[in-house]
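1. Curious how this folds, go ahead:
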Amino acid sequence: MQNSTRPKKLIRITTVPMALRYLLPGQMSYMSNNGYEVVMISADGKELPDVIEQEQCRHIKVPMTRKITPFQDLKCLWQLIKIFRRERPDIVHSHTPKAGLLGMLAARIAGVKTRVHTVAGLPMMVEKGLKFRLLKSLEKITYAASSHVWPNSESLFQYIIKQKLTNLGKLNIIGGGSTNGINTDRFNTEKLDPIKMQQVKAGIGYSADNTYLLSIGRLVKDKGIVETVNVFTGLYKENSSLRLILVGDFEEELDPLPADTIHTIKNCDAIIHISWTNDVEYYMQLADNFIFASHREGFPNVLLQAGAMKLPVICSRITGNVDIVKQNETGLIFEPGNERQLQQLIKYAMSHKQVILGMAQTLKDKVVTEYQRSYIWQKISDQYAIISVPARSTPGVFQQLNKIAADFVKQPSMLWEYFVLSIQLRRLSKRTS
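-> Next up, the predicted model:
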């Protein structure tokens, strides 16, 4: 029998601690201070000590990977089942694709009644053929094992419905979208440290005579870095006062940039590469335009951040982006991968500064009004209270395995397809590498 006086236990799970650190900062601490016993789960990583210190919540390591690793996934699945059976959480809430797949399956098998998965972008959206089928199957499995699915934007909600990934009854958008809202005290042009601002400017050799384009995010193909660099190098030949600031780290394993793009970034004097930093607001303050050429998103925080900093935005027409930026109202939009359009919009922004500053002001007003972090956190907490079912004594694992098998009877090939296609993709990768 459950002790009714104990706080509800909430487990938040992401594949790697980077997601806890940069996608959900402060949210676990907020829930802990508002009546929940919070446990965090992720793989190990360099961000983990900062996460634990910031959130002041217990953390459990599970060696999940972001890559296609079917046998490692099975080990992690079993580890998660044992953790959930031991911890007996009232709610398991997952983020990121792999943590969603393993976390929701394990929670279902372990008998957790309230299983929430937040969708913040879908890898399948930029894939075709075999890989598209695999990734779509993964999403279907994740959503089938969830009791609630929370896409973090309206456009992502509509895509999920269009692809028939789950039934409408499971879907819900919290507030107006966004996974964590934005800290408008931090992203505020009037609250920057002037000494640090000067240090950042000195670090890049800032000159008021130059025009600075800024891109923030992982340096991978999915983030549109290839076309951003290509367009910039073309414009730089016409205008030597242009500078491109790239804030983010290279990735060697998942979706790495082509060798020629990496070479250009490292060797072009007009491209300033900054490894990931927590001081992105200072780069937003000195930049003239923000370039966000990503191929897939859910509801990108970085656009909210740029908006709050009144930095003019030029972004791709994809899910998430279009929920934040409206063409010629709050920014400029181009078709993903279309270098010609991106080039034209950058030229327009440079020659119509007052027009795009007006758009930036409109976006700032929207962000400050609709996406305050405290508002989003309260909405999530309110939703937890509505959907949570108290944990009870845990049934036997075999009983739960039979139950989840019954849930997949309408699509019996899904789990088998995942492992078969995973192995096939690994073989294909080895052949093409």
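
2. by contact count, what packs against the helix or strand containing residue 333?
-> Residue 333 is part of strand 332-334, with elements assigned from DSSP states H and E. Secondary-structure packing of strand 332-334 (3 or more CB pairs under 8 Å, 6 or more residues apart in numbering; DSSP states H and E): strand 313-316, helix 339-351. Yep, even glycine has a C-beta here, placed from its N, CA and C like the rest.

3. Go again with 6 Å.
-> With contacts defined as 3 or more CB pairs under 6 Å, 6 or more residues apart in numbering; DSSP states H and E, strand 332-334 has these neighbours: helix 339-351.

4. any idea which helix or strand comes after the helix it packs on?
-> Later in the chain than helix 339-351, the nearest helix or strand by DSSP H and E is helix 353-370.

5. Could you list the buried residues of that next one?
-> For helix 353-370, burial by neighbour count (16 or more other CB atoms under 10 Å) applies to 356, 359, 360, 362, 363, 364, 366, 367, 368, 370.

6. Residue 92: which of those is nearest?
-> residue 370 (28.4 Å; CB to CB).

7. how close does the closest one get to residue 247?
-> 25 Å (CB to CB, to the nearest Å).

8. What average pLDDT does the strand holding residue 333 get?
-> Averaged across strand 332-334, pLDDT comes to 98.

9. Please list the residues outside it that contact it.
-> 314, 317, 327, 341, 342, 345 (CB atoms under 6 Å, 6 or more residues apart in numbering).

10. Go again with 7 Å.
-> The contact list for strand 332-334 (CB atoms under 7 Å, 6 or more residues apart in numbering) reads 314, 315, 316, 317, 325, 327, 341, 342, 345, 348, 349.

11. Next: stretch 359-376.
-> The contact list for stretch 359-376 (CB under 7 Å, 6+ apart) reads 26, 174-176, 178, 180-184, 304, 307-308, 310-313, 325, 329-331.

12. of these, buried ones?
-> Buried among the contacts of stretch 359-376 by 16+ other CB under 10 Å: 174-176, 178, 180-184, 304, 307-308, 310-313, 325, 330-331.

13. how distant is the strand holding residue 333 from the center of its chain?
-> Centre-to-centre, strand 332-334 and its host chain are 21 Å apart (CA atoms, centre = their mean, to the nearest Å).

14. Now go through the contacts of stretch 359-376 and say which are in helices.
-> With helices taken from DSSP state H, the overlap with the contacts of stretch 359-376 comprises 304, 307, 308.

15. want to throw these into a markdown table with pLDDT and distance to residue 146?
-> Shown next, in a markdown table, are the ones in helices among the contacts of stretch 359-376 (pLDDT from 0 to 100; distance: CB to CB, whole Å):
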| residue | pLDDT | distance to residue 146 |
| --- | --- | --- |
| 304 | 96 | 26 |
| 307 | 98 | 30 |
| 308 | 97 | 31 |
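
16. Please convert the residues you listed to JSON lines, extending it with distance to residue 43.
-> Below are those laid out as JSON lines (distance: CB to CB, whole Å):
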{"residue": "304", "distance to residue 43": "27"}
{"residue": "307", "distance to residue 43": "32"}
{"residue": "308", "distance to residue 43": "31"}
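
17. Closest one of those residues to residue 8?
-> Nearest to residue 8 out of the ones in helices among the contacts of stretch 359-376 is residue 304 (CB to CB; 29.2 Å).

18. Kindly confirm my reading that residue 265 is in a helix.
-> Yes - assignment of residue 265 by DSSP: H, G, I helix; E, B strand; the rest coil places it within a helix.

19. hang on, isn't it packed against residue 273?
-> Yes - applying CB atoms under 7 Å as the test, residue 265 and residue 273 come out as touching, 5.6 Å apart.
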